[in-house]
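J.: Got a predicted model here, sequence first, then my questions.
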Amino acid sequence: MPDTKPRDVQILPIATDTTVMRSRSWTRLRFEIEYALAKGTTANSYLIQADKIALIDPPGETFTQIYLDALQKRIDVTAIDYVILGHINPNRAATLKALLEIAPQITFVCSNPGAINLRGALENPDLPIIVMRGDETLDLGKGHNLQFIPTPNPRYADELCTYDPQTEILYTDKLFGAHICGDQVLDEGWEIINEDRRYYYDCLMAPHARQVETALEKLADFPARLYATGHGPLVRYGLIELTKAYRQWSQQQTSADLTVALIYASAYGNTATLAQAIARGITKAGVAVESINCEFTEPEEIRAAVEKSDGFVMGSPTLGGHAPTPVQTALGIVLSTATNNKLAGVFGSFGWSGEAVDLIESRLKDAGYRFGFDAIRVKFKPDDATLQLCEEAGTDFAQALKKAKKVRSQGVPATNVEQAVGRIVGSLCVLTAKQEDRASAMLASWVAQASFNPPGLTIAVAKERAVESLTHSGNEFVLNILKEGSHIGLMKHFLKPFGPGEDRFAGVATEEGANGSPILADALAYLECKVQHRMESGDHWLVYATVENGKVLNQDGVTAVHHRKSATHY
């Protein structure tokens, strides 16, 4: 999605002595799965000007110069006393280094893991840092006596939330955010961004649901009237509802029947990005993920997670031709703990060679483990196509676990209700979608007209479908309606299992629609559609889309119809 506006910094007062500085980009900034809706993002930073001055969460290097220019117009930067950091990553280091050059008097405030990361990122072991473990406070004067709440998770082991009792603002860092850019600072009309918030949660928080539940319990002790988020609109009007939703979504994850232990380490963030995409694929299929960053996890915790899991996936960077020591330790725990009837997976990133992935894969093969997907090796930073491959690999892994469980429980006849519901028929169609270098398709029979004006329809899309990630609000697709008598070939083609990243359209005659999605040459008719809304419906998303273009390709043909005997399968 091209830039429609230049990047800028939006500055507004939000409470007594408190200002938000929103660094804005109308495009996605990085190849990470949580940005996949491509609605831009805001990197929110906050300025508290009391007797002492504190700056909270300066943005990453994408915004370094425009942010510092805006900050210097606002205040005397050399008067800043503290920089409070909710988490530290290499991307933020450029801004912090530039800030220190202007204002070397700054004292940093962060968690204990954050202090370790910060000294490493800035390559300065003597940085002035105040470590907040949870009991300490920071008095800025004028009633702004800040309190701190460590809320670590495997992806952000250093995460720290900050509470200001004077303004009742809770600075939530990664929690409660959304990647969406616009002029709206607060979340008036918050219902319209529910999908964006849910997607953000599914990508970033679902793999850490247990830690999210712990964080919510801690934060409940701090009465907040505003969540000052790290990304997206600040949460005021939908605060109660979003907090309840986080609890509900986390409960869905922690109570799932099947669990996968996702064990990884990440040197430069690339392996963590791959882990995030794989986790997204697993969780969207209804299987829970217990994400474990083995650099910050005790061996007993790794052992316990592996023991209770139904399968495990291991990821590692390659450093000096080897897997890092924490990964090797975790591999030893897995080999001594996990029975070899558990499904396994391996992935990793590398700069010049990928020996770590080969080592893990060979050790697991020698021990007799089966693999849920082919080992994934990614050189340097993953791109969109790679992230799609990882997401699909995660979904395949989850489906393999679900299939194994289903096989064990076969033999139960369909109930009267299931047989009756199964008599509902639907048109046989193929939904096709393409966005840049990502393309996918699925056979669909749960399709119905939903409106006359504008002409609209609904399609039920199972959460684990690969094409699901291309059917969010604003996305476009083509619905290809199949012709009775010539539908068998296309039906068989799109019903067959595809490997992660495999071309769904190989050997199929297509042409490009006006919206960029493939039109099947042998279809009876096609409809070019744009998604307007999605509603969560159990294990499916109900997608409402309006029809923007269409054509009957065979005036004499009849629509192919799908007949079922049970509602328990398609």
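T.: Okay, I see it.

J.: next one: phi and psi at residue 273?
T.: phi -70, psi -40 (degrees, to the nearest 10).

J.: how far away is it from residue 290?
T.: Distance, residue 273 to residue 290, by C-beta to C-beta, to the nearest Å: 19 Å. No exception for glycine: its C-beta is placed from N, CA and C like everyone else's.

J.: same thing with residue 346?
T.: Between residue 346 and residue 290 the computed distance is 17 Å (C-beta to C-beta).

J.: Please apply the same query to residue 70.
T.: Taking C-beta to C-beta as the criterion, residue 70 is separated from residue 290 by 41 Å.

J.: Which of the two has more residues huddled nearby?
T.: More neighbours surround residue 290 than the other of residue 70 and residue 290, with 26 against 17 (other C-beta atoms under 10 Å).

J.: Show me what the helix or strand where that one lies is packed up against.
T.: Residue 290 is part of strand 288-293 when elements are defined by DSSP states H and E. Based on contacts counted as 3 or more C-beta pairs under 8 Å, 6 or more residues apart in numbering; DSSP states H and E, the elements that strand 288-293 packs against are helix 239-254, strand 259-264, helix 270-284, helix 299-308.

J.: Kindly indicate whether residue 161 is helix, strand or coil.
T.: In the three-state summary, residue 161 is assigned as strand, counting by DSSP: H, G, I helix; E, B strand; the rest coil.

J.: hmm, I was thinking of residue 333
T.: In the three-state summary, residue 333 is assigned as helix, counting by three-state DSSP.

J.: which ones are touching it?
T.: Contacts of residue 333 were listed using C-beta atoms under 8 Å, 6 or more residues apart in numbering, and they are 299, 302-303, 306.

J.: which among these end up buried?
T.: By neighbour count, with 16 or more other C-beta atoms under 10 Å, those hold 302-303, 306 as buried.

J.: can you give me the helices for the stretch 351-500 of the chain?
T.: Counting by DSSP state H, counting those that start in this stretch, residue ranges of the helices within the stretch 351-500 of the chain are 355-366, 384-408, 416-421, 488-495.

J.: now those helices as CSV including mean neighbour count, mean pLDDT and distance to residue 433?
T.: Formatted as CSV, the entries for those read as follows, by neighbours: other C-beta atoms under 10 Å; pLDDT from 0 to 100; distance: least, C-beta to C-beta, whole Å:
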stretch, mean neighbour count, mean pLDDT, distance to residue 433
helix 355-366, 19, 96, 31
helix 384-408, 21, 89, 12
helix 416-421, 12, 87, 28
helix 488-495, 16, 94, 13
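
J.: among the ones you listed, which is nearest residue 194?
T.: Nearest of these to residue 194, taken as C-beta to C-beta: helix 384-408 at 21.6 Å.

J.: tell me the angle of that closest one relative to helix 270-284?
T.: Put simply, helix 384-408 runs at 40 degrees to helix 270-284, going by axes from the mean of the first three to the mean of the last three C-alpha atoms, to 10 degrees.

J.: what angle separates helix 384-408 from strand 288-293?
T.: With the same axes, to 10 degrees defining the directions, helix 384-408 sits at 130 degrees from strand 288-293.

J.: what helices or strands is helix 384-408 leaning on?
T.: Based on contacts counted as 3+ C-beta pairs under 8 Å, 6+ apart, the elements that helix 384-408 packs against are strand 259-264, helix 270-284, strand 311-317, strand 343-350, strand 376-379, strand 438-444.

J.: so how far is it off the chain centroid?
T.: Counting by C-alpha atoms, centre = their mean, to the nearest Å, helix 384-408 is centred 16 Å from the centre of its parent chain.

J.: Would you mind telling me which of the helices and strands packed on strand 288-293 is nearest residue 495?
T.: Residue 495 lies closest to helix 270-284 among the helices and strands packed on strand 288-293, at 19.8 Å (C-beta to C-beta).

J.: Kindly state the distance between the middle of that closest one and the middle of its chain.
T.: Relative to the chain's own centre, helix 270-284 is displaced by 8 Å; criterion: C-alpha atoms, centre = their mean.

J.: quick one: buried residues of that helix?
T.: Residues of helix 270-284 classed as buried under the neighbour-count rule (16+ other C-beta under 10 Å) are 270-284.

J.: Report the angle between it and helix 355-366.
T.: Note on geometry: by the same axes, to 10 degrees, helix 270-284 and helix 355-366 are set 50 degrees apart in direction.

J.: so what's residue 254 closest to, chain neighbours aside?
T.: residue 209 (5.1 Å; C-beta to C-beta, 6 or more residues apart in numbering).

J.: helix, strand or coil for that neighbour?
T.: The three-state label given to residue 209 by three-state DSSP is helix.

J.: Show the contacting residues for it.
T.: 249-254, 288 are the contacts of residue 209 under C-beta under 8 Å, 6+ apart.

J.: Neighbours of residue 341, how many?
T.: In terms of burial, residue 341 registers 11 neighbours under the definition other C-beta under 10 Å.

J.: That one belongs to a helix?
T.: No. For residue 341, which was evaluated using three-state DSSP, the result is coil, with no helix membership.

J.: Would you quantify the distance from the closest residue to it other than its chain neighbours to residue 48?
T.: Excluding the flanking residues, the one nearest residue 341 by C-beta to C-beta, 6+ apart is residue 370, at 8.0 Å. Going from residue 370 to residue 48 by C-beta to C-beta gives 54 Å.

J.: Those two: which is more packed in?
T.: When residue 370 and residue 48 are compared for neighbours, residue 48 comes out ahead with 27 against 14, by other C-beta under 10 Å.

J.: per-residue pLDDT, the nearest residue to that one once chain neighbours are set aside?
T.: Taking C-beta to C-beta, 6+ apart as the measure, residue 48 lies nearest to residue 54, with 4.6 Å between them; neighbours along the chain are not counted. For residue 54, the model assigns a pLDDT of 98.

J.: Secondary structure element holding residue 54?
T.: Using DSSP H and E, the secondary-structure element containing residue 54 is strand 53-56.

J.: Please put the alpha-carbon coordinates of stretch 290-306 into PDB.
T.: Provided in PDB are the C-alpha atoms of stretch 290-306 (Å, rounded to 0.1, in the frame of the first residue of the first chain):
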ATOM      1  CA  GLU A 290       2.800 -21.900  24.900                       C
ATOM      2  CA  SER A 291       5.500 -19.600  23.600                       C
ATOM      3  CA  ILE A 292       8.900 -20.000  25.300                       C
ATOM      4  CA  ASN A 293      11.900 -17.800  24.700                       C
ATOM      5  CA  CYS A 294      14.500 -20.100  26.100                       C
ATOM      6  CA  GLU A 295      16.900 -17.200  26.700                       C
ATOM      7  CA  PHE A 296      14.700 -16.000  29.600                       C
ATOM      8  CA  THR A 297      13.000 -19.300  30.700                       C
ATOM      9  CA  GLU A 298      14.100 -21.600  33.400                       C
ATOM     10  CA  PRO A 299      14.700 -25.300  32.400                       C
ATOM     11  CA  GLU A 300      11.900 -26.600  34.700                       C
ATOM     12  CA  GLU A 301       9.400 -24.300  33.000                       C
ATOM     13  CA  ILE A 302      10.500 -25.500  29.600                       C
ATOM     14  CA  ARG A 303      10.200 -29.100  30.800                       C
ATOM     15  CA  ALA A 304       6.700 -28.600  32.200                       C
ATOM     16  CA  ALA A 305       5.500 -26.900  28.900                       C
ATOM     17  CA  VAL A 306       6.900 -29.800  26.800                       C
END
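
J.: Noted, bye for now.
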